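Chemist: Attaching a predicted model along with its sequence, questions to come.
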Amino acid sequence: MSDQLADTASAIGGGGGRPRGQRLGPRGVTWLGLIINAVLAVGKVAVGVVFASKTLLADGLHSAADLVTDVAVLTGLRYSYRPADRQHPYGHRRITTLVAMGVGVALAAAAVFIAVDALKSLHAYLDNHMPGNLRPAVPLAAALISVVVKEGLFRVTHGVARRGGDMSLEANAWHHRSDAFSSVAAAAGMFGALVGGPGWRFLDPAFAVVMSALLLLVSIRILRRSAAELIDQAPSAATMDSISNAMGQTESVVSFHAVRARQIGGMVAVDVHVQVDPMLTVHDGHEIAGAVKRSVMAADPQVVEVIVHIEPSSHT
């Protein structure tokens with residue numbers, strides 16, 4: 001834990017250590033998100049209560065819910081990078097896939113919660129039952145601060161997730177953006193109330209409904225990607241082409257067939273049958289297999305495992 005907290009402190013304080021852009025690893029950026037979510041949750045709930053802003057209060061509760069997903073991602077990261085063992089011969093990377101599915105479900109639930117709450121507020125506005133004791137200036141400032149902070153956290157987390165190919169981290173990044181979206185809706189409502197009075201408060205629920213729909217689409221995409229990985233769907237055509245090109249350009253490979261690839265925790269595992277000169281020794285075949293593995297892994301950084309089956313060629 002000390003390493004992750006050190007990463008977090010370095011990122012916040014801009015201290016030395018890792019080069020710029022590489023200071024935070026998956027655990028460090030998740031710890032950073034957890035700390036920020038805790039501060040935002042307490043701050044927004046307090047402001048919502050003191051200044052009678054139900055919208056900001058709901059936004060604060062959303063930030064509090066993000067803490068749960070941060071803990072889930074941290075737990076997944078702790079176990080997913082463990083090496084293979086007797087019970088898990090292919091490693092533990094798919095723990096991150098399960099966590100990503102959980103975050104996707106949480107994101108969908110957050111989208112539904114925001115939409116339902118917004119529709120209730122819109123109905124109350126149409127029935128002239130909106131609360132009149134709102135003091136919007138401070139809640140507006142709090143919501144705008146939250147938008148900037150959570151969008152920044154999304155970008156940092158998403159960058160780390162893309163570099164490492166971690167699905168759970170990418171899903172958590174979108175969860176951060178969901179909080180930014182809800183804060184945008186809150187800011188819109190506060191701005192409307194500040195500038196135009198209670199008559200403009202319909203902007204709050206209207207923005208929230210639109211943004212909840214966008215969040216739901218993101219959650220569906222995360223769930224589809226996670227499910228595709230669990231059923232061993234092949235990676236993209238571009239990834240498969242780069243793998244095939246690397247094998248075809250490897251010296252002493254006559255031909256290859258039965259190329260199979262699957263995704264494991266956002267990364268790719270490959271197995272292939274390679275045909276070589278039947279007069280080569282076993283040692284030569286072993287060396288060619290190693291060359292194929294190195295070529296494929298160098299061609300695509302997502303590939304973390306290559307199993308090569310050597311066969312004699314009938315076309316030499």
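Modeler: Everything's here; your move.

Chemist: Tell me how many other residues crowd the closest residue to Leu67 other than its chain neighbours.
Modeler: With C-beta to C-beta, 6 or more residues apart in numbering as the criterion, Leu67 has its nearest non-adjacent residue at 5.1 Å, and that residue is Asn37. C-beta here means a position set from N, CA and C on the backbone, and glycine is covered the same way. For Asn37, the tally of surrounding residues (other C-beta atoms under 10 Å) stands at 25.

Chemist: Check whether Asn37 sits in a helix, strand or coil.
Modeler: helix (DSSP: H, G, I helix; E, B strand; the rest coil).

Chemist: Equivalent analysis for Ala187, please.
Modeler: helix.

Chemist: Now do the phi/psi pair for the residue sitting furthest away from the middle of the chain.
Modeler: Largest separation from the mean C-alpha position in the chain: Met279, at 49.5 Å (C-alpha atoms, centre = their mean). Backbone torsions of Met279, given as degrees, to the nearest 10, read phi -90, psi 0.

Chemist: Look up the pLDDT of Asp271 for me, please.
Modeler: For Asp271, the pLDDT comes out at 91.

Chemist: Before we go further, it is sitting in a helix, right?
Modeler: No. Counting by three-state DSSP, Asp271 is not part of a helix but strand.

Chemist: okay, now it: neighbour count?
Modeler: Per other C-beta under 10 Å, the neighbour tally for Asp271 reads 14.

Chemist: Then Gln87?
Modeler: For Gln87, using other C-beta under 10 Å, the count is 6.

Chemist: That one: what secondary structure?
Modeler: Gln87 ends up coil, using three-state DSSP.

Chemist: Roughly how far does the residue nearest to Leu67 sit from Gly91?
Modeler: 30 Å (C-beta to C-beta, to the nearest Å).

Chemist: what do you get for Leu153?
Modeler: Applying C-beta to C-beta to Leu153 and Gly91 gives a distance of 29 Å.

Chemist: cool, Gln233 as well?
Modeler: 18 Å.

Chemist: who's more crowded, these two?
Modeler: Gly91 (19 against 13).

Chemist: residues touching the residue nearest to Leu67, list them.
Modeler: 63-64, 66-67, 70, 179 (C-beta atoms under 8 Å, 6 or more residues apart in numbering).
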